Structure formats: structure tokens, C-alpha cells
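Novice: A structural model of the following input is requested.
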Amino acid sequence: MKAITILTLGSMLILTGCQSGSAAEPAVLVAGGAEVRQQLNDFITGIVGGNTVTLADDVLMHSAELFIEQRMPMDSQGRPLDGRHSLPSYRFVLVKVGDSCILQHPGSGKSIRLNGARCQLAPR
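Specialist: Below is the predicted model of the structure:
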């Protein structure tokens, strides 16, 4: 009887925990502006090792994912170095958690909450 009571209480705690937190779901930006783009730029620049990135005005408004290609290392003549032309892209994902828009970099596990951004769930 004690085992059933403990099992029932444990199940109730797990279900309560699941309901209290909002799950992260892929999202697209609805509104952001220059401040949000600057936050995106700063976060992405930090992930890609300080290389500057140029983001479109409508970044993350049509897709929840953003891919940034790595700059190919060049020799002194401006030619790609041998064996260095298949570098993987950096992948970023915008998710909505409650009312917050969060940009995640799954490769590093880092994320940033975008202050002043509004997002909605991405179309499936």
C-alpha cells in the first residue's frame, strides 16, 4: 500500500512540474527592430569567434533557424587553403518560452533572451 501511495505522489509531482513550465517551441520574430538585431549580432559574433556578421532586416522572421557559414581561411593570394572548404555552418534556433524569445546555439548550449523582441510559434 505504501508503494502505491509513493508511486501516486511521485506521478503527481512529475505532472505538476510538467504543467508549470512552458516548453520551448520553434518560433519566428514578429517584431524586433535595431535593438533586437544588435543583441542577435552580439550573441552570434561571440559564438563565431569575433568575426563580424551582417544580418538582414528580416532575420528570423520567416524561419526559426539561422545558419551562419564559416569564413574560409585564405592564403596571401586570396585563395582558399587546401582542405578547408567544407567547414560546417553555425546553427542557431529561435524558440518561444512563455512570452520570451530565446536564441539558442545548440552546438555550445548557449542561449540569450532577446529583450524587446516579440515572436510567435513557427508555422509547421
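Novice: Go ahead and confirm P26 touches F92.
Specialist: No - applying Cβ atoms under 8 Å, one finds P26 not in contact with F92, separated by 11.6 Å. The C-beta positions use only the backbone N, C-alpha and C, and glycine is treated the same way.
Novice: Could you name every residue contacting both of the two?
Specialist: E65 (Cβ atoms under 8 Å, 6 or more residues apart in numbering).
Novice: the more surrounded of these two?
Specialist: F92 (24 against 16; other Cβ atoms under 10 Å).
Novice: now the protein, which segments are flagged as low pLDDT?
Specialist: Applying pLDDT under 70 to the chain picks out residues 1-21, 82-86.
Novice: Can you tell me which residue is spatially central in it?
Specialist: For the chain, Q104 is the residue whose C-alpha lies nearest the centre (Cα atoms, centre = their mean; 2.3 Å).
Novice: who are the neighbours in contact with that one?
Specialist: Contacts were defined as Cβ under 8 Å, 6+ apart; by that measure Q104 touches A24, F92, V93, L94, V95, K110, S111.
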